Structure formats: structure tokens, C-alpha cells
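Trainee: What would the 3D arrangement of this be:
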Amino acid sequence: MDRLVAVLILTVAFACGGDEPVPVAPSVDMPGVEEPSESPTNRSACSVLQPLVDERFGVEPELLTVRSNELSGNDLCRVFWEIPGIDTAEQVRRATDKDLRYQNEVSLTIMGTSYDSAAAAVASLEGTVSSLSAGVSVNTPSGPRTVQSEFGDWLEGVGDRAIAKGSSVLVAADGRRFTVAVTVTDAREENLEVAIELARRIVDEL
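Mentor: Residues are numbered from 1 along each chain as shown. Predicted coordinates:
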């Protein structure tokens, strides 16, 4: 997916009430957990995500890079670290192969919108999935373009409503929406399993 398509998907997803997990905005290196942002839960994405990454993967804190953005009003946190045991040549090879990861990364996007009820958040998520599955037309500098996404199965036992998308999970829970994306193996199915595990933990944290 090129940068333009990623930005288009983000723009349309937000317009539909979504928070597509494509971290394309400029990032700022953070030395650790950032200060909580103003939100109904007073929890920033990084303050939620970094402790879970520390606990789940056991990576030494000094080996983690933490980056935080506000992306179209949504709070995005990325935590990533090098793959141990590979040399520079292998890193370069992986960086040019779209089927392989060249680093480990977990990201969390908390949507800026809070809903009046759990049902409203669920309706927002379902509307986003429906719109992006069908395809939405947008205007670009090169002319009209259709933005479309493929989703996986609806998931049981994750918040009030959740759906898989690649190695990401989009969740509606308690009137909030968030997306967690995981790339810690070369197998998408394994990454998705970890994303589901973390999503269940995040529901309890928000």
C-alpha cells in the first residue's frame, strides 16, 4: 500500500467514524510513556500500550522506541524494537520484502470520539466496516479514486464488537473505539492472535 492510498483510507475511515490503523503521519520519538492526554478516561494510547508491551514481550525498556502522534484527532502510539539475532544485510533484505518484517511493532490508535453509549460505538464501527468494504469514492490530485478495505471475521469476546483486518483488530467497547495492530512474527495469523490477546487487555484499561 503506497502512502497516498494509506492517507486516503485514513481520511475516509475518519469521515465514516473509523480509525484505520495506518501510521503515516510524522512521528516524534518519546523517551518513555507520555503524559496522559485529556480524554474521558485520562489515558493516552502510550500510557496504555507500553506497559502491556513490556509485560507481554519482556523487551528491555532501553531497546524499545516509543512514538506518539495525534492523527486526525485520534491518539496513536507505536512501540517497536529490533528483531534480535539478524545482521544488517538481513535487515536490508527484510526492508525490501513486503512479506517480511524488518522490526517488531505494536501500535494502538484510540479514536478521539467518545460515544453516548456502547451501542453508538458499535454502530460507528459497523458503519465504517460497511462503507470501506463497499468502497468509498474520494477526490485526489490525480482524479477520483475508490478507497476500499478488506476485513476478516467479526470476533467474539473482544469488547462490545470487534473485527479482524489483517494483523489488526478494530474494537468498540464501552462507548470508545480503538485499533491495535501487531507485527511480531512473519505470519499474519500469529500476529492477529497476539492482537486479539492485547485487544482484550486494552478493553480493561480504557
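Trainee: got the phi/psi numbers for residue 147?
Mentor: Note on residue 147: its backbone torsions stand at phi -100, psi 130 [degrees, to the nearest 10].
Trainee: Confirm for me that it is in contact with residue 138.
Mentor: Yes. Counting by C-beta atoms under 8 Å, residue 147 does reach residue 138; the two are 5.6 Å apart. Heads up, the C-betas are built off the backbone N, CA and C, glycines and all.
Trainee: Comparing the two, which shows the higher neighbour count?
Mentor: Neighbours were counted for residue 147 and for residue 138 using other C-beta atoms under 10 Å; residue 147 has more, 21 against 14.
Trainee: Which residues does that one form beta bridges with?
Mentor: With DSSP bridges as the criterion, residue 147 is bridged to residue 136.
Trainee: That one and residue 44, how far apart?
Mentor: 28 Å (C-beta to C-beta, to the nearest Å).
Trainee: got it, and residue 136?
Mentor: Counting by C-beta to C-beta, the separation of residue 136 from residue 44 is 30 Å.
Trainee: This protein: strands as residue ranges?
Mentor: Using DSSP state E, the strands assigned to the chain run over residues 28-30, 65-71, 74-81, 104-110, 136-140, 143-147, 154-155, 161-165, 168-173, 176-183.
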